[in-house]
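1. Predicted model, plus sequence, below.
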Amino acid sequence: GESVGLHLPTLSVQEGDNSIINCAYSNSASDYFIWYKQESGKGPQFIIDIRSNMDKRQGQRVTVLLNKTVKHLSLQIAATQPGDSAVYFCAENNPGTYKYIFGTGTRLKVLA
Amino acid sequence: ETGVTQSPTHLIKTRGQQVTLRCSSQSGHNTVSWYQQALGQGPQFIFQYYREEENGRGNFPPRFSGLQFPNYSSELNVNALELDDSALYLCASSLDHHEQFFGPGTRLTVL
């Protein structure tokens, strides 16, 4: 069935290093992908999105890469800061519907 | 902050009871989606309301129902509560199905 999953449940990085969070999706027809950040006690916060007609999109300190051949999505965070500590989710949008399918999340821990 | 508010923030119920959760969407938004997030999991889509009509539903039983009002605020109702309904319930609002903005959620505990 449809699923969005993550390879690593927990990622620890040193402050100032770059972080890479990975995600695999199974629905090759999905055409829109989003990364969310969720801090403790809060709802998910939009970080960056990408459509299936692109393979890379950059934001402020973040870059999303999409590899449709292997159905893989990644989020790169440059110069990781303590405030980046959170759980990160990727989500895919089913074409023709408005349903977002979320993965189980990766916890990012930033070490001082 | 996104401007999406939810009430109450926490709620404790017992099995078999009914619960109503509320969501006020961000100003100008006409679409509200509800999600259930179990501990340690990603949000699971329950359903979406667009201009007061249900516009898509996930794999949840009929005892999960909802409403959207003319001001685009929304309610999620759950009947005959079960222990597994314990979760964080999130609503997200958007304008015409575009980027979703999430509220802080309601933490429901079923005993």
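-> Yep, it's here.
2. interface residues of chain B facing chain A?
-> B:2, B:4, B:31, B:33, B:35, B:40-45, B:48, B:50, B:55-56, B:58, B:90, B:92, B:97, B:99-105 (Cβ under 8 Å from any Cβ of the partner chain). Where you see a C-beta, it was placed from the backbone N, CA and C, and this is true even at glycine.
3. Which ones among those residues map onto helices?
-> Judged by DSSP state H, helices contain none of the residues of chain B next to chain A.
4. Give me the most central residue, chain B.
-> Residue closest to the average C-alpha location in chain B (Cα atoms, centre = their mean): residue B:34, at 3.5 Å.
5. what's across from that one in the sheet?
-> Per DSSP bridges, the residues bridged to residue B:34 are residue B:47, residue B:91.
6. interface residues of chain A facing chain B?
-> Looking at chain B, the residues of chain A close enough under Cβ under 8 Å from any Cβ are A:4, A:34, A:36, A:41-46, A:49, A:89, A:91, A:97-105.
7. pretty sure residue A:44 contacts residue A:37?
-> Yes: here residue A:44 lies in contact with residue A:37, judged by Cβ atoms under 8 Å, at a distance of 7.0 Å.
8. Who has more neighbours out of those two?
-> residue A:44 (31 against 21; other Cβ atoms under 10 Å in any protein chain shown).
9. For the nearest residue to that one once chain neighbours are set aside, identify the helix or strand it belongs to.
-> Leaving out its chain neighbours, the residue that sits closest to residue A:44 by Cβ to Cβ, 6 or more residues apart in numbering or on different chains is residue A:36, at 3.7 Å. According to DSSP states H and E, residue A:36 maps onto strand A:32-38.
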